[in-house]
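Q: have a look at this prediction, sequence included:
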Amino acid sequence: MSEFKGTKGKWEYSGGDNSSIDIVLPNNTTISIDRYDRYGCGLVGQREEMEANALLISKAPEMLEMLKSIDSALDELWQKDDKNVLFDYLSGIDTKQLIKEATELK
């Protein structure tokens, strides 16, 4: 399985102002989200949407780790041949592909 090559550790959502919000990484770099359009001509979108996007991004490393744990548990169940309805449902979820997409730079 591919290893995450980004900044490891907890990413923290940071308030910001009306036009931007930062996600602070453990190495004190930031990922900034702003409401200006790509040409800097004006604010677009709502602050609530920007906050929701920042919160989701800040949880990405934790979600990746949880996804890896789920994938590992599914592999263990598969090896034990302990199949049930829940497992049948979960086995249809392609966790390995999503982990690959989240960890491999193009």
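A: Alright, I've got the coordinates.

Q: CA atoms only for stretch 26-41 - export them in CSV, please.
A: C-alpha atoms of stretch 26-41 as CSV (Å, rounded to 0.1, in the frame of the first residue of the first chain):
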residue,chain,number,x,y,z
PRO,A,26,2.3,20.5,12.1
ASN,A,27,5.3,22.1,10.3
ASN,A,28,3.6,25.5,10.6
THR,A,29,2.9,25.8,6.9
THR,A,30,-0.7,26.6,5.9
ILE,A,31,-3.2,25.7,3.3
SER,A,32,-5.3,28.7,2.6
ILE,A,33,-8.8,28.8,1.2
ASP,A,34,-10.1,32.1,0.0
ARG,A,35,-13.4,33.4,-1.4
TYR,A,36,-11.9,35.4,-4.2
ASP,A,37,-12.5,34.1,-7.6
ARG,A,38,-9.4,32.7,-9.4
TYR,A,39,-8.8,36.1,-11.1
GLY,A,40,-9.0,38.1,-7.8
CYS,A,41,-11.9,40.1,-9.1
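
Q: any idea how far residue 46 is from residue 55?
A: 14 Å (Cβ to Cβ, to the nearest Å). All C-beta spots, glycine's among them, are computed from the backbone N, C-alpha and C.

Q: the residue nearest to residue 57 when sequence neighbours are not counted in helix, strand or coil?
A: Of all residues not flanking residue 57 in the chain, residue 23 sits nearest, at 5.5 Å (Cβ to Cβ, 6 or more residues apart in numbering). Classification of residue 23 using DSSP: H, G, I helix; E, B strand; the rest coil returns strand.

Q: show the contacting residues for residue 23.
A: By Cβ atoms under 8 Å, 6 or more residues apart in numbering, the contact list for residue 23 reads 11, 12, 13, 14, 30, 31, 32, 33, 54, 57, 58.
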